[in-house]
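Engineer: Provided below are the primary sequence and the corresponding predicted coordinates.
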Amino acid sequence: MQATYFDGRSAHAFNVEVTLDSGYVSVVGDGIDRRDPLGAVEITDALGGTLRRLRFTDGASCEVADNDTFAALLAQNGLSSSQVSRWERGWRPALLALSMVLVFAVVGYRYGLPFLAQRAADNLPESALNSISYQIQRVLDRTTFAPTKLSGTRLARVLNAFDALLLPGSSKLRLRLEFRDAEELGANAMALPSGAVFVTDQLVKLTDDDRILMAVLAHEAGHVQLRHGLRQIIQSTVIGVLITWYIGDVSALGAAAPTALLQAKYSRDLEREADRFAVQALRLNGLSPALLAEALDLIQKSHGRGGGDDAGALAYVSTHPATAERLTWLRTQ
Ligand SMILES: [Zn+2]
């Protein structure tokens, strides 16, 4: 079969004869004489009607004079036209492998990681919870929190209401309220794995109705009881470690845990679990579950009213997304 040969070093086109036999490609003519195993030759597809090329490992290449003649030549040697394209043989398995990796990554991220994080969170000893929480609290106190500016009487009222609040099971034992001023964070409450629940002045100032605050605290108590914060930290730390390992920079990792807890959005599932816990708690106290919906509404509005909005990812509503679905569910309990 006639073909044009390029040696890969000069622009000179050599007129050659290409033959195939017993797994070898021979190129002869115009001073060229080479013989290569077929497996070491890349044969391009006739993309968009272009002439097919044979590419050799040393950079030389050969353009066939006619695709049909070449296909016939391949057929004579028992090769289908597509079988021989090394490029094609190469990318299909590669693409398959890549998509499998992606599927595993997505499934692992969506299901495997939360499962492992839950197992790990459930098995961490109390001492670990306390030391993780202590680290987080130190960072928060340095960066985000200032001492509370609420009056002693207002604090006493919230604390009394909290003391009287009944919670399911033994969950109350571990909880401890902490008040902080957090201008940037706005109205927010957050529970650390140890059971320390941080309530911002901005949240307390939202309402005079302490039952609404208790609804928020019942929701936070749910996150503590079900170890959600811990799961969140473990998950984002695992991801952080993987990213760090990939990028090769360990320096950023140390500071990651507190922000992970603040910024990581609880999943819908975790929110629903905490809501269910809160509803149970509110009922236990003869209070309406709708109080939590009211609280979420108030919080959301406070963040929407400018100023607090630049807190962005740190806003309570973004870490505990108050979806319409949640509010409706709470109001119909
Ligand atoms: Zn929540």
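Structural biologist: Nice, thanks for sending it over. Residues are numbered from 1 along each chain as shown.

Engineer: name the residues that touch stretch 202-213?
Structural biologist: By CB atoms under 8 Å, 6 or more residues apart in numbering, the list of residues contacting stretch 202-213 from outside reads 150, 154, 157-158, 161, 179, 181-183, 185-189, 199, 216, 287, 291, 294-295, 298-299, 302, 308, 316. (C-beta placed from N, C-alpha, C; glycine too.)

Engineer: just the buried ones among the residues you listed, please.
Structural biologist: Neighbour counting with 16 or more other CB atoms under 10 Å marks 150, 154, 157-158, 179, 182, 185-189, 199, 216, 287, 291, 294-295, 298-299, 302, 308, 316 as buried within these.

Engineer: give the contact list for the nearest residue to residue 180 once chain neighbours are set aside.
Structural biologist: Using CB to CB, 6 or more residues apart in numbering and skipping residues adjacent in sequence, the residue nearest residue 180 is residue 145, 3.9 Å away. Contact partners of residue 145, counting by CB under 8 Å, 6+ apart, are 180-182, 198.

Engineer: from residue 96, how far off is residue 145?
Structural biologist: 51 Å (CB to CB, to the nearest Å).

Engineer: closest to the ion out of the contacts of residue 145?
Structural biologist: The ion lies nearest to residue 198 out of the contacts of residue 145, by CB to the ion, at 13.4 Å.

Engineer: may I have the beta-bridge partners of the closest one?
Structural biologist: Beta-bridge partners recorded for residue 198 (DSSP bridges): residue 178, residue 190.

Engineer: helices of this structure, start to end?
Structural biologist: 67-76, 86-107, 113-123, 126-143, 152-164, 201-204, 210-225, 228-247, 256-263, 268-284, 290-304, 316-319, 324-331 (DSSP state H).

Engineer: can I get the CA coordinates of the first one in CSV?
Structural biologist: Pointing back at helix 67-76 there. Listed next in CSV are the C-alpha coordinates belonging to helix 67-76 (Å, rounded to 0.1, in the frame of the first residue of the first chain):
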residue,chain,number,x,y,z
ASN,A,67,-8.2,4.9,4.0
ASP,A,68,-10.2,2.2,2.3
THR,A,69,-7.1,0.4,1.0
PHE,A,70,-5.6,0.6,4.5
ALA,A,71,-8.8,-0.8,6.1
ALA,A,72,-8.7,-3.6,3.5
LEU,A,73,-5.0,-4.3,4.4
LEU,A,74,-5.9,-4.4,8.1
ALA,A,75,-8.8,-6.8,7.3
GLN,A,76,-6.5,-9.1,5.3
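
Engineer: give me the contacts around that helix.
Structural biologist: By CB under 8 Å, 6+ apart, helix 67-76 touches 1-2, 18-20, 46, 51-52, 64, 80-81, 84.

Engineer: over to the last one?
Structural biologist: Taking contacts as CB under 8 Å, 6+ apart, the residues outside helix 324-331 that touch it are 271-272, 275, 279, 289-290, 292-293, 296-297.

Engineer: buried only: go through those residues for me.
Structural biologist: For the contacts of helix 324-331, a burial check counting by 16+ other CB under 10 Å picks out 271-272, 275, 279, 289-290, 292-293, 296.

Engineer: and those near the ion, which?
Structural biologist: Near the ion, judged by CB under 5 Å from the ion, there are no entries from the buried ones among the contacts of helix 324-331.

Engineer: from those residues, which is closest to the ion?
Structural biologist: residue 271 (5.1 Å).

Engineer: thinking residue 192 is in contact with residue 135, fair?
Structural biologist: No - proximity of residue 192 to residue 135 does not meet the contact threshold set by CB atoms under 8 Å, at 9.7 Å.

Engineer: these two: which is more packed in?
Structural biologist: Neighbour totals were compared for residue 192 and residue 135, and residue 192 leads with 27 against 15 (other CB atoms under 10 Å).

Engineer: please name the nearest non-neighbouring residue to that one.
Structural biologist: Using CB to CB, 6+ apart, the closest residue to residue 192 is residue 133 (3.9 Å).

Engineer: for this structure, give me the ranges with low pLDDT.
Structural biologist: Flagging of the chain using pLDDT under 70 yields the residue ranges 48, 81-91, 239-265, 305-322.

Engineer: can you point me to the longest strand in it?
Structural biologist: If you go by DSSP state E, the chain has its longest strand at strand 13-21.

Engineer: and that one with helix 67-76, angle?
Structural biologist: Interaxial angle, strand 13-21 versus helix 67-76 (axes from the mean of the first three to the mean of the last three CA atoms, to 10 degrees): 30 degrees.

Engineer: and strand 13-21, how far out from the chain's middle?
Structural biologist: Centre-to-centre, strand 13-21 and its host chain are 54 Å apart (CA atoms, centre = their mean, to the nearest Å).
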